[in-house]
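Asker: sequence and predicted structure are below.
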Amino acid sequence: ARFAAVLAQNTEMKWLPVLAACLAAGVLGVDYDVVVYGSTPAGIAAATSAGQLGLSVAVYEPLTMIGGMGAAGALGLHDGDWDAGTGLAQVFMMLNAKAYNITTPVPQPESFVAEASFFTMLHGANVTEVKTDCHVTAAATEKGADGGSRIASILLSCLPDPVTATVFIDASYDGDVMAAAGDIPYTWGREANTTYNESLAGARVPGWVGVGGPKTINALNDDGTLIKYVSNLSDLGPPGSADDALMAFQHRMCISDGDDMAPWPKPDGYNPDDFTLIQRVLDATGNADAFTAMPPGRYHGYPGPKNKYDLCCGITVAASDQPTLNKGWANASWERRQEIVAEHTYFELGTFYYLANDPRVPAAVRKQFSAYGLCKDEFVDNHNVPIQLYVRISNRLVSDYVLTQNNIGNPRGKEDSIATGDWSFDEHMTGKYAVPDGNGGYVVTLEGNFWPSIADGCPNASPHAANKNSYDVPYRTLVPKRGTGGNLLVPVCLSTSAVAYSSTRIESMFMAVGTAAGVAAKQVVDGEVATVQDVNVTKVQNILTQTFKQSIHCCAPSPSPSPLPPYYNVTAAGSASWNGQYVRQLVGEQDLYTAVSATCSNCQLYASKGVWRLAIHGKELMYVASGPSEHPPLSGWVVANGSAPAPTLSAGMLR
């Protein structure tokens, strides 16, 4: 680092500052400029944008097929405002259209068409190092030039040696590189409703709001034990409490009919008694609509000629969403996760097989389900089952800024936006419980679902006439806390609460955020900045809009308040221990200043209801400003419990 500093002082040679930055950061001699882990739509976009900007890029995919839910999961860009697609999402959809010889965007093509389109994008960006069946097993960190940590290398199951890069982009659904780093704050499950003051957060009371289908299904076997796929209510915490629950996963099965279908296979270990719940629904209703309509919805934008349908979710006690199966997923080992995937496959295929074959099923229902099967030309190496399980939520970054129910749409426009969101709050069921019916019995009841619009669910959401669900996605959500992960970008497991993630989890938006990650990486690679936290977002925005034709604002950003100074010096306070320097921090969503040179380590300068105070939070109020103000006043302070005289303040210079 000293050598780098000396070199940088030589202004006669313009390249030396860049070399100095590289030496200081320890980035010379790396294998690649950028390593992308996870070939989700976000990962494909990140690799493509970085490659198009001239960076050397490698992509490592843990599964045996690239594309995440965009290809290996058969979802494509099914959700979101794909009619108004921009950027690389639009490129993907038009490549799909070209494959079908049409001129209208195809957001949800056949999986092999989607995979081919993604490879076309990668190859067009000179990204040739793409390895599948290659999951991360460890990550090593080191100290960066800024004093914070950075990812030095990752170890992968497919390679004997660690892989190094200047920038790592963790585009996986589980944030495996982020988690493996060891010092990057992240979370999983549901926060308590008090964590970010979110009305939708935490455990919820099981009930029937928005739930279809029968509501009196007995949850017990004849011997009093729980039927399969139903949980004990004692497993659920009090309303609003934090827990590890994740909304339900599933395979978005490709379903077809006629000559294009493969009959429902009988899964290994099949036991018809495992499907008591669906049989009781059949007994109550005479049909299996509570599991899925047959056929389900057609692939979005797919022009045919085959009939291809997309299995999805449902909000009934017997839906194809099954929330009891993903317990422990977020921090499970690779091997345990594969077991969980298999358990989902068994439930899904077993239900279809049961409905098409079991003699207890009404003949009309058996005939209906036997007329359909898995798409026989899809996922032929995986028995026609999608390779990617739909992991709707897993681990999430916790950065200096967290997107929550309260700030996702308030304001909708954000100055550092790099993408736009276009989805309501949309939490799928997180639990299926045996709930007392008041008559000595127990009925199967759902827990966790909610789906208000952003306009309705975000308190004081700023108005947007065109769309109740539009909002800007700020760059701050994809960088780790300052001082950690200085060369890591996380475009999927964003820094959001679980409530906000129920909206941000859409693949078309992930492509836009991934594109921004690839663009931001260039500043670090080129030595313009030392860390991803220091990236000039305005430059990123300009490249996104001009080079990649990506929309980055749903609406005009709200005027920003005047920036707060990085520190204040407090002097002349009668309580002398309160004199000293106070440095700005962001805690949750609140700006406050913490003493660093005062003799009181707990002293803080912060605002309460707009009025600044010098206090030990929640314990002792020493001095208070005379009235509300945007910034701490430099004079006019009033003595509360401190000693006279009241202090005066001076502001540090803005950076």
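Answerer: Yes, it's here. Nothing here was measured: the structure is a model prediction, and the numbers come from that model.
Asker: what segments of the stretch 301-450 of the chain are helices?
Answerer: 334-357, 363-370 (DSSP state H, counting those that start in this stretch).
Asker: among the ones you listed, which is nearest Pro480?
Answerer: Proximity to Pro480 (Cβ to Cβ) singles out helix 334-357 among the helices of the stretch 301-450 of the chain, at 22.8 Å. (Each C-beta comes from the backbone N, C-alpha and C, glycine too.)
Asker: can you name every helix or strand that the closest one contacts?
Answerer: helix 276-285, helix 363-370 (3 or more Cβ pairs under 8 Å, 6 or more residues apart in numbering; DSSP states H and E).
Asker: what residues does it touch?
Answerer: 62, 135, 137, 157, 229, 249-251, 253, 263-270, 272, 274-275, 278-279, 288, 291, 311, 320, 322, 325-326, 328-329, 332, 361, 365-366, 369-370, 385, 389 (Cβ atoms under 8 Å, 6 or more residues apart in numbering).
Asker: with stretch 563-579 instead?
Answerer: Against stretch 563-579 from outside (Cβ under 8 Å, 6+ apart): 580-584, 591, 593, 595, 598-600, 603, 605, 614, 622-623, 631-632, 639, 642-655.
Asker: pull out the buried residues from it.
Answerer: Within stretch 563-579, the residues that count as buried by 16 or more other Cβ atoms under 10 Å are 564-565, 567-568, 570, 573, 575, 578-579.
Asker: among the residues you listed, which two are most distant?
Answerer: Within the buried residues of stretch 563-579, Leu564 and Ser575 form the most distant pair, 24.1 Å apart (Cβ to Cβ).
Asker: now name the helix or strand holding the residue sitting nearest the centre point of the chain.
Answerer: Most central in the chain under Cα atoms, centre = their mean is Cys493, positioned 3.5 Å from the mean C-alpha point. For Cys493, there is no host helix or strand (DSSP states H and E).
Asker: hang on, isn't it packed against Ser399?
Answerer: No: if you go by Cβ atoms under 8 Å, Cys493 and Ser399 don't touch, sitting 10.8 Å apart.
Asker: about what we covered before: deepest-packed of the helices of the stretch 301-450 of the chain, please.
Answerer: Counting by mean count of other Cβ atoms under 10 Å, helix 334-357 has the highest mean neighbour count of the helices of the stretch 301-450 of the chain, with a mean of 18.
Asker: now the angle from it to helix 363-370?
Answerer: 130 degrees (axes from the mean of the first three to the mean of the last three Cα atoms, to 10 degrees).
Asker: tell me the mean pLDDT over helix 334-357?
Answerer: Over the span of helix 334-357, the pLDDT mean works out to 98.
Asker: what count of nearby residues applies to Val540?
Answerer: The number of residues packed near Val540 is 23, by other Cβ atoms under 10 Å.
Asker: any idea how far Ala419 is from it?
Answerer: Distance, Val540 to Ala419, using Cβ to Cβ, to the nearest Å: 11 Å.
Asker: coming back round to it: indicate which one of the helices and strands packed on helix 334-357 is closest to Ser39.
Answerer: Once those are compared by Cβ to Cβ, helix 363-370 is nearest, at 33.8 Å.
Asker: now do the closest one against helix 276-285, angle only.
Answerer: Going by the same axes, to 10 degrees, helix 363-370 makes 130 degrees with helix 276-285.
Asker: list the buried ones in stretch 413-428?
Answerer: Going by neighbour count (16+ other Cβ under 10 Å), the buried part of stretch 413-428 is 413-428.
Asker: which one of those residues sits closest to Thr484?
Answerer: Closest to Thr484, out of all of the buried residues of stretch 413-428 and judged by Cβ to Cβ, is Asp416, at 19.3 Å.
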